[in-house]
Each structure stands twice: as structure tokens, then as C-alpha cells.
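**Q** Turn this into a model:
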Amino acid sequence: MSIFDAIIQITASFFGTLGFGFLFNIRGKKLVWAAFGGMLSWALFLALGFLFESEPLRYFIVAICSTAYAEALARLMKTPAATFCIITLIPLVPGGAMYYTTTYALSGNAQLFLPKAAYTLELAVALSLGIVIVTAATKYILGLKHKEK
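**A** The predicted structure follows:
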């Protein structure tokens, strides 16, 4: 991939995420920060491609980083973390993989369906685990801070 392609993809991820932010009724600077998080998510995903060939591993790492970003931003903006977490991970939704999985299933092509379904599930689990790990750690750490007071 050329640097020009990467810049186009990263820019598109910002505007695509911005559009989803509108759909989720996010406004003002929260919308800009959420879209910036989506752009960072995709940029990190592309950068990790130079280090790791495994897409599920890259999804997992980006989910951890994006969820940490969302949790921090939620505290700064006094907004629920889910607002930012959902939006920042929009560029990573495996829409193409889900589309082909469904297409193969509906056409009865089991030879293509099974591996594509397994791959799509890997990506979804990687995203989910990254989100759960950071969210649980944040809740635990914040719970410890409240007990100390």
C-alpha cells in the first residue's frame, strides 16, 4: 500500500466515523473527538499491518487502544464511554466479511461459507475481547479509587 492510499483511507475513516457520529446524535466537540478516534483506530490498524500479519491480532490491539481512548475521553467530556467506544470502532466493523459470509450462506456454498464465517467470527471476537478487557479494567480501577475515598 502506498502512503497516498493510507492517507486516503485514514481521511475517509475520519469522515465515515463523523457520519456515524451524526447518526448517534453526537454533537459539537464530542463529535469531532469521536471522529478523530475513528481515524486513529484505522491509522493504528494500518500501522500494525507492518508488524503483524494476523488481522484478528491487529483488531484486538486496536480495540484495546480505541476503548482506552474512549474511556479516557468519556471521563474528560463527562459522557458515557459507550458513546465514544462505538464510534471509534466503526472503521473496524468487519462489514465486508459479514457480507461475504451471508452471501455464501444464502447461495448454499458451504466450502466458502465455513472459512469466511470462522474468519468473521475471529474478527468479532477480537474486537469484543479488546473492548471487554479495557472496560472491565477501567471499572475495576475506578471501583478501587472509590473504595479508597
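
**Q** which ones are touching residue 69?
**A** Residues near residue 69 by C-beta atoms under 8 Å, 6 or more residues apart in numbering: 37, 40, 84, 88. Using the backbone N, CA and C atoms, a C-beta is placed for each residue, glycine as well.

**Q** Any idea how many residues pack against residue 141?
**A** Here the number of neighbours of residue 141 (other C-beta atoms under 10 Å) works out to 11.

**Q** Now do the helix or strand harbouring it: distance to the chain's middle.
**A** Assigned by DSSP states H and E, residue 141 belongs to helix 110-148. Helix 110-148 sits 10 Å away from the centroid of its parent chain (C-alpha atoms, centre = their mean, to the nearest Å).

**Q** Which residue ranges of this structure form strands?
**A** Ranges of strands in the chain, per DSSP state E: none exist.

**Q** And the pLDDT for the residue most central in space within it?
**A** For the chain, the residue sitting closest to the mean C-alpha position, by C-alpha atoms, centre = their mean, is residue 89 at 2.3 Å. At residue 89 the predicted local confidence, pLDDT, stands at 93.
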